[in-house]
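# predicted model follows, preceded by the sequence.
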Amino acid sequence: MNRKLSNAEQEQYWGDGFLFPVTIFAESDAAEHRSRLEDIEAKQGPMHYRSKPYLLMKSAAEIARNPILLDAVEDLLGPDILLWDSAYVIKEPHNTKYISWDQDLTYWGLDGDELVTVWIALSPASVESGCMKMLPGSHLEGQSSHHDTYGEDNILHRGQELDMAVDEEKAVSIELQPGEASLHHGWVAHASHPNYSDDRRIGLSLQYLTPRMKQKHTDRESALLVRGEERYGNFRPEPICTEDFAPEMLAFQTEMERLKHEVYDTD
Ligand SMILES: O=C(O)CCC(=O)C(=O)O
């Protein structure tokens, strides 16, 4: 039974390696989540690219467990779903930060590809503001080789970049209104350019996987069961955030973020 995505949408996802736009909530709800994020930023400092913000912020935890979003993920991954990682990706107005062409699964240390990324817009994601771009069908061949650039303005940890030249003419710009999401496969080649607009470009990127997946480099990583059952025990269970920046959750999130960077440095 389809929950959120029609058969045609599912076929499009598996054929192209991505699907958009999928409406998750109203623009007014997106504005509310943006304002809660900006209140937290004012108190706690930048949230850009901090790992697992759903452990620290009730707003991120609500988005991550949104039933409409999870229905779409269930259509692609099946009934048992773990939330493995997440990050706000925030490009300030008129900023030179970008993400080079890459495939996510290349450097995440995971042993399979039963993973989908949901990227939900909290401000307009347009070509001008530096929305993601994706190369249709590029997930079908699996992994291509990458090299590290350590590019100064590259948002990626090591500036990882595909070795192959990407034909930008074939790329699709993933333009989204606030409250809309894109879904993408872990092997799809994607990138995003700088934000030339007057507004912040704010997205929350969330990585969902099946409990069958495993981290190759450590058994200390954690994940949050968001739907169904967990019968594998490959990840330490995570608690649900019920208070913004609870001290014990901050300590746990800090440990998990450190571990993630160790893995990123290995793969
Ligand atoms: O937010 C962006 O510009 C890129 C995010 C991304 O690469 C991802 O979510 O996989």
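Nice, thanks for sending it over. None of the values given here were measured: they were computed from a predicted structure.

# for the longest strand anywhere in the chain, which helices and strands make contact with it?
Counting residues, the longest strand found in the chain (DSSP state E) is strand 81-91. Judged by 3 or more CB pairs under 8 Å, 6 or more residues apart in numbering; DSSP states H and E, the packing partners of strand 81-91 are helix 58-64, helix 67-77, strand 201-209, strand 222-227. The way it works is simple: take the backbone N, C-alpha and C, and place the C-beta from them, glycine included.

# quick one: check it for contact with the ligand.
Yes - using CB under 6 Å from any ligand atom, strand 81-91 reaches the ligand at Val89.

# follow-up on the earlier one: return the most buried member of the helices and strands packed on strand 81-91.
Among these, ranked by average contacts under mean count of other CB atoms under 10 Å, first place goes to strand 201-209 (a mean of 25).

# for Lys43, find the nearest of the helices and strands packed on strand 81-91.
helix 58-64 (13.0 Å; CB to CB).

# ok, which stretches of this protein are strands?
Taking DSSP E as the criterion, the chain carries its strands at 18-23, 81-91, 99-102, 115-121, 132-134, 146-148, 160-162, 172-173, 180-185, 190-192, 201-209, 222-227, 236-237.

# dump these to TSV, plus mean pLDDT.
Shown next, in TSV, are the strands of the chain (pLDDT from 0 to 100):
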stretch	mean pLDDT
strand 18-23	98
strand 81-91	97
strand 99-102	91
strand 115-121	98
strand 132-134	97
strand 146-148	83
strand 160-162	84
strand 172-173	98
strand 180-185	98
strand 190-192	96
strand 201-209	98
strand 222-227	98
strand 236-237	97
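
# can you put the ones you listed in CSV and add distance to Met47?
Below are the strands of the chain laid out as CSV (distance: least, CB to CB, whole Å):
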stretch, distance to Met47
strand 18-23, 23
strand 81-91, 5
strand 99-102, 17
strand 115-121, 14
strand 132-134, 19
strand 146-148, 25
strand 160-162, 22
strand 172-173, 25
strand 180-185, 19
strand 190-192, 18
strand 201-209, 9
strand 222-227, 18
strand 236-237, 23
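
# near the ligand, which residues of the stretch 151-267 of the chain show up?
190, 192, 203, 205.

# which of those sits closest to Leu250?
Closest approach to Leu250 among these (CB to CB): Ser205, at 20.7 Å.

# residue contacts, the closest one?
Neighbouring residues of Ser205 by CB atoms under 8 Å, 6 or more residues apart in numbering: 86-89, 117-119.

# that's all I had, so thanks and see you.
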